[in-house]
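Asks: Fold the stuff below for me.
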Amino acid sequence: ARIGALKEGAGEGERALNAAREREATAAGALAQAREELDSLQKERQSAVDRQAALQVESQQISAGMQRSAGALREAQSRLKMLEQMRRDYEGYQNSVREVLRRFSGKEGLYGVVADILGVPKEIERALEMALGGAMQNIVCQREEDAKEMIDYLRAGRMGRATFLPLSSVRGRVLNAQERRVLDMEGCLGAASELVRYDEKFRPIVENLLGRTVVARDLDAGIVIMRAGRHAFRLVTLEGDVMHSGGSMTGGSVSARSTSILSRQREIDEHRQAVRTLEMRMSALNARAGSVQEELKRAQQAMSQASERAHQQEIALTREQEGQRRASDALRAAQERAQQAALEREQLLESVSQIDEELANIDRRTGQAEEVSATTQGDIARLTAELSERRAALEALRGEIAERRAAEAGLEAEMEMARRDEIRISGNRRE
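Replies: Sure thing, here's the model as predicted:
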């Protein structure tokens, strides 16, 4: 029975040791999971940092783009304002033409000057300016009577002279079929009247001024073309050199001007379009800037939140590391106690076995002494005393065994405390 009790105590110690091993394994698993979660949060935080940096770069680029666009917009607006003011003031016009346009502005039958009714492609502006010359400022009107009224106004005010082109009297002049063959020659761009845009009602005036004018790439091509056409029409090159019918030529350098009345409307239209485009771009950049700022604010919040979660996880990791350390320490202590208890149990079992053997010998000798008649009463008393001493030693050993059992009970209490630590560690990990 005593041996069975010792074996039962050894089994309890082994179970407690296994429980400590399980707690240590659980703590190690919780620590690994905490590290994995911390790595994930650190990656999330780095992603938020990278996103914030990218948004800051984009915000700087948008700001630089807005500054450039704002500068270009101011420049375009200033140029447009100047051009429109020049048009309103009839800057660049002869004084007589300016006075007529101001006096009769809005009058029915007045269409402006020739430059106003033409749409000239930019690449042939210089050629047309040289071909038209002062005719660009010829005043276009509806009838001869309208022209007479304006001429009378100039005469009465002694404001000079002007040329008028009444639609009712002006007739167009164009190349004949034979002359049109030169339009297919190398370097010939076409008839000037066919290279410009205008309202159909102005066709007689446009053909009168440009119908017999050919535009060529340069003088080399022009000379060949004019020879083929027998100098029967006028030719102008892209550089502004003019070959007149009859054979005379005009050319050389042309003074550069900021703008001409022929190109003024085109520039006004281009700058209006540029202003609209830049305003749309500024609006888009402003909208994107606001969006980027909102995204940047969200990215900063995400980074702060990720940093806070990572910090909390670092605390949790430290807590799990401490729990794992305590569990490992508890496991080592339990292993040491289990080894010590096993050794003491072996020693006690060996002592009990020896005592049982001695008791059996004493009982046998006592029985023999009682059966042997030659044994004296004194021997019996001596043996009896020796038996009492052995029994007392046995009782002492039994007390020691009881103490060992109490120690094992204390070990079981420590194991129960370790189990509670395991439950607490598992609870912290779930949180």
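Asks: For residue 52, which non-adjacent residue is spatially closest?
Replies: What sits nearest to residue 52 in space, not counting adjacent residues and going by Cβ to Cβ, 6 or more residues apart in numbering, is residue 299, at 4.3 Å. No exception for glycine: its C-beta is placed from N, CA and C like everyone else's.
Asks: from memory the one you found sits against residue 51, does it?
Replies: Yes: using Cβ atoms under 8 Å, residue 299 is in contact with residue 51, at 4.7 Å.
Asks: quick one, strands of the protein?
Replies: If DSSP state E is used as the criterion, the strands of the chain fall at 110-113, 139-141, 164-166, 188-191, 213-216, 234-237, 242-243, 249-250.
Asks: so what's the nearest residue to residue 55 once chain neighbours are set aside up against?
Replies: Nearest residue to residue 55, sequence neighbours excluded (Cβ to Cβ, 6+ apart): residue 296, at 4.4 Å. Residue 296 makes contact with 52, 55-56, 59, according to Cβ atoms under 8 Å, 6 or more residues apart in numbering.
Asks: Now, of these, which are buried?
Replies: 52, 55, 59 (16 or more other Cβ atoms under 10 Å).
Asks: Switch those over to TSV, and while doing so, append pLDDT and distance to residue 83 to every line.
Replies: Formatted as TSV, the buried ones among the contacts of residue 296 follow (pLDDT from 0 to 100; distance: Cβ to Cβ, whole Å):
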residue	pLDDT	distance to residue 83
52	79	46
55	79	41
59	83	36
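Asks: Would you confirm that residue 168 contacts residue 142?
Replies: Yes: counting by Cβ under 8 Å, residue 142 is a contact partner of residue 168 at 6.7 Å.
Asks: So between the two, which is more surrounded?
Replies: Per other Cβ atoms under 10 Å, whichever of residue 168 and residue 142 has more neighbours is residue 142, with 16 against 13.
Asks: What's the separation between the more buried one and residue 200?
Replies: Distance of residue 142 to residue 200, computed by Cβ to Cβ, to the nearest Å: 15 Å.
Asks: again with residue 193
Replies: Going from residue 193 to residue 200 by Cβ to Cβ gives 12 Å.
Asks: Would you mind listing the buried residues in stretch 212-225?
Replies: 212-216, 219, 221-222, 224-225.
Asks: Please identify which of these is nearest to residue 78.
Replies: residue 215 (33.5 Å; Cβ to Cβ).
Asks: Correct me if wrong: that closest one contacts residue 192.
Replies: Yes: if you go by Cβ under 8 Å, residue 215 and residue 192 touch, sitting 5.4 Å apart.
Asks: anything in contact with each of these two?
Replies: Common neighbours of residue 215 and residue 192 (Cβ under 8 Å, 6+ apart) are 124, 127, 236.
Asks: Quick check, the first one in contact with residue 194.
Replies: Spelled out, that is residue 124. No: using Cβ under 8 Å, residue 124 makes no contact with residue 194, being 11.3 Å away.
Asks: who's more crowded, those two?
Replies: Taking neighbours as other Cβ under 10 Å, residue 124 and residue 194 compare with residue 124 leading, 19 against 15.
Asks: Relative to residue 92, how far out is the more buried one?
Replies: Distance of residue 124 to residue 92, computed by Cβ to Cβ: 20 Å.
Asks: Residue 100 now?
Replies: 15 Å.
Asks: the more surrounded of those two?
Replies: Counted by other Cβ under 10 Å, residue 100 and residue 92 do not tie: residue 100 has more neighbours, with 27 against 19.
Asks: My guess is the more buried one contacts residue 147. True?
Replies: No: using Cβ under 8 Å, residue 100 makes no contact with residue 147, being 10.0 Å away.
Asks: Quickly list what's touching both of the two.
Replies: residue 139.
Asks: count of residues packed around the closest residue to residue 213 other than its chain neighbours?
Replies: In space, and not counting its chain neighbours, residue 213 is closest to residue 192: 4.0 Å by Cβ to Cβ, 6+ apart. If you count neighbours by other Cβ under 10 Å, residue 192 ends up with 25.
Asks: what's the spacing between residue 192 and residue 159?
Replies: 31 Å.
Asks: now residue 276
Replies: 39 Å.
Asks: And for residue 18?
Replies: On the measure of Cβ to Cβ, residue 18 and residue 159 end up 121 Å apart.
Asks: So for the two, which sits in the more crowded spot?
Replies: residue 159 (17 against 12).
Asks: ok, the closest residue to the more buried one other than its chain neighbours - contacts?
Replies: Closest residue to residue 159 apart from its sequence neighbours, by Cβ to Cβ, 6+ apart: residue 99 at 4.7 Å. Shown in contact with residue 99 (Cβ under 8 Å, 6+ apart): 153-154, 157, 159-160.
Asks: hmm, 10 Å instead?
Replies: 90, 93, 150, 153-154, 157, 159-160, 162 (Cβ atoms under 10 Å, 6 or more residues apart in numbering).
Asks: tell me, how many neighbours does the closest residue to residue 80 other than its chain neighbours end up with?
Replies: Setting aside the residues directly before and after it, residue 80 is nearest to residue 271 in space (Cβ to Cβ, 6+ apart), at 4.0 Å. Close neighbours of residue 271, defined as other Cβ under 10 Å, add up to 20.
Asks: quick one: residue 271 and residue 75 touch, right?
Replies: Yes: between residue 271 and residue 75 there is a contact under Cβ atoms under 10 Å: 9.5 Å.
Asks: Now stretch 187-200: average pLDDT?
Replies: Mean per-residue pLDDT for stretch 187-200: 96.
Asks: ah, wrong one, I meant stretch 307-321
Replies: Mean predicted confidence for stretch 307-321 is 79.
Asks: Numbering from 10 from now on, please.
Replies: Okay, using 10 as the starting number, the last item reads as stretch 316-330.
Asks: would you put the C-alpha positions of it in PDB?
Replies: Output of stretch 316-330 as PDB, limited to C-alpha atoms (Å, rounded to 0.1, in the frame of the first residue of the first chain):
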ATOM      1  CA  SER A 316       2.000  53.500 -35.300                       C
ATOM      2  CA  GLU A 317      -0.300  53.400 -32.200                       C
ATOM      3  CA  ARG A 318      -1.400  49.800 -33.000                       C
ATOM      4  CA  ALA A 319       2.300  48.800 -33.500                       C
ATOM      5  CA  HIS A 320       3.200  50.400 -30.200                       C
ATOM      6  CA  GLN A 321       0.400  48.600 -28.400                       C
ATOM      7  CA  GLN A 322       1.500  45.400 -30.100                       C
ATOM      8  CA  GLU A 323       5.100  46.000 -29.000                       C
ATOM      9  CA  ILE A 324       3.800  46.200 -25.400                       C
ATOM     10  CA  ALA A 325       1.800  43.000 -25.900                       C
ATOM     11  CA  LEU A 326       4.900  41.300 -27.400                       C
ATOM     12  CA  THR A 327       6.900  42.400 -24.300                       C
ATOM     13  CA  ARG A 328       4.100  41.000 -22.100                       C
ATOM     14  CA  GLU A 329       4.100  37.700 -24.000                       C
ATOM     15  CA  GLN A 330       7.900  37.500 -23.800                       C
END
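Asks: Perfect, I'm done here.
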